[in-house]
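**Student:** Okay, here's the prediction I keep looking at, along with the sequence it came from:
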Amino acid sequence: MSPVVIALDGPSGSGKSSTARGVASRLGLAYLDTGAMYRATTWALLQHGVDVEDADAVAAACERVVIESGTDPAAPTIHADGHDVSVAIRGQEVTDAVSQVSRVPRVRERMVALQRAEIAESHGIVVEGRDIGTTVAPRAEVKVYLVADPAARAARRAAETGEQSAEQVSATAESLARRDVIDSSRTASPLAKADDAVLIDSTTLSLDEVVDAVVRLAEPVLADASERAR
Ligand SMILES: Nc1ncnc2c1ncn2[C@@H]1O[C@H](COP(=O)(O)OP(=O)(O)OP(=O)(O)O)[C@@H](O)[C@H]1O
Ligand SMILES: Nc1ccn([C@H]2C[C@H](O)[C@@H](COP(=O)(O)O)O2)c(=O)n1
């Protein structure tokens, strides 16, 4: 039987990673952060001095990058070319370049193939990103599209990083908006809500409330799958 897939998509900072990890932990499922895979690829390309504005150079260089994801929701890991890049990929240099890299079709083909392999190997998985419900796993049993007001997203990010001055919050809001525009307007599988995804607006919800809402959607599907497996 193919594993149950919970697809969680949405714009930057809408709460996908925190929600996906919470749901996977509660339900005993694996967890895949596909954004971390695009970030790790970007880190490797920057290390090699590739100009990320040059789509042909990115497409050629990405062939040599080896990405490995650990899918334990309690301790997810990400390696690029054998290096643990879990901290480095959250830095500003990678954040500023990742949308340019992830719009290159060859990069996406490679990432989608890796993501589908992780899904196939799992016993059931929560996968979060931008194109999971539309492209990576269009037959996912549960699809959620998570949104939150731009101001709430910027404020949450600021609380997380400690960069809470008015200038810093406004710079964060601009960075989120810039990535939203590139992610939604690229030709290759843009950020989009799948027609059959459930929309959750987390602006006024706590993280626990969002996790509860997704768990409620997933529980009957998992019960059904375990019944069929008997
Ligand atoms: N419902 C919520 N209420 C309050 N804070 C939240 C909520 N959901 C997430 N957060 C916080 O918002 C911040 C961003 O969340 P998270 O990293 O999960 O978003 P994301 O969509 O995965 O972001 P990115 O796309 O940039 O990886 C984190 O500090 C997280 O703890
Ligand atoms: N499925 C995905 C996941 C991520 N991306 C791109 C777009 C984001 O700007 C970038 C980083 O993702 P984040 O860590 O912020 O979730 O990666 C994508 O194109 N498709």
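**Tutor:** That came through fine. Ligands and ions are numbered 1, 2, ... in the order given.
**Student:** Please identify the buried residues of stretch 16-31?
**Tutor:** By neighbour count on 16 or more other Cβ atoms under 10 Å, the buried set for stretch 16-31 is 16-24, 26-27, 29-31. No exception for glycine: its C-beta is placed from N, CA and C like everyone else's.
**Student:** That stretch near ligand 1 anywhere?
**Tutor:** Yes - for stretch 16-31, a contact with ligand 1 is found by Cβ under 6 Å from any ligand atom, at 16-18.
**Student:** quick one, strands of this protein?
**Tutor:** Assigned strands in the chain, in chain order: 5-9, 30-33, 67-70, 77-80, 83-84, 125-129, 142-147, 198-201 (criterion: DSSP state E).
**Student:** what's the most buried one of those?
**Tutor:** A comparison of these by mean neighbour count, using mean count of other Cβ atoms under 10 Å, puts strand 125-129 on top with a mean of 29.
**Student:** Would you mind giving the buried residues of stretch 16-31 as CSV with pLDDT added?
**Tutor:** CSV is the format used below for those (pLDDT from 0 to 100):
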residue, pLDDT
Lys16, 97
Ser17, 97
Ser18, 97
Thr19, 98
Ala20, 98
Arg21, 98
Gly22, 98
Val23, 98
Ala24, 98
Arg26, 98
Leu27, 97
Leu29, 98
Ala30, 98
Tyr31, 98
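**Student:** ok now do the residue nearest the centre of the chain, which residues does it touch?
**Tutor:** With distances taken as Cα atoms, centre = their mean, Gly129 lies nearest the centre of the chain, 2.8 Å away. By Cβ atoms under 8 Å, 6 or more residues apart in numbering, the residues touching Gly129 are 8-9, 16, 33-35, 115, 136.
**Student:** beta partners for the residue nearest to Ala213 when sequence neighbours are not counted?
**Tutor:** Nearest residue to Ala213, sequence neighbours excluded (Cβ to Cβ, 6 or more residues apart in numbering): Ile200, at 5.7 Å. For Ile200, the beta-bridge partners are Leu146 (DSSP bridges).
**Student:** circling back: with distance to Arg110 added, can I get the strands of the chain in JSON lines?
**Tutor:** Putting those into JSON lines (distance: least, Cβ to Cβ, whole Å) gives the following:
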{"stretch": "strand 5-9", "distance to Arg110": "19"}
{"stretch": "strand 30-33", "distance to Arg110": "15"}
{"stretch": "strand 67-70", "distance to Arg110": "8"}
{"stretch": "strand 77-80", "distance to Arg110": "13"}
{"stretch": "strand 83-84", "distance to Arg110": "18"}
{"stretch": "strand 125-129", "distance to Arg110": "14"}
{"stretch": "strand 142-147", "distance to Arg110": "23"}
{"stretch": "strand 198-201", "distance to Arg110": "29"}
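**Student:** ok, now how distant is Leu199 from Ser184?
**Tutor:** Separation of Leu199 from Ser184 (Cβ to Cβ, to the nearest Å): 15 Å.
**Student:** and if you look at Ala148?
**Tutor:** According to Cβ to Cβ, Ala148 stands 15 Å off from Ser184.
**Student:** Quick check on the two: which one has the bigger neighbour count.
**Tutor:** Per other Cβ atoms under 10 Å, whichever of Ala148 and Ser184 has more neighbours is Ala148, with 22 against 12.
**Student:** What values do phi and psi take at that one?
**Tutor:** Ala148 adopts backbone torsions of phi -160, psi 150, taken as degrees, to the nearest 10.
**Student:** Sweet, I'm off.
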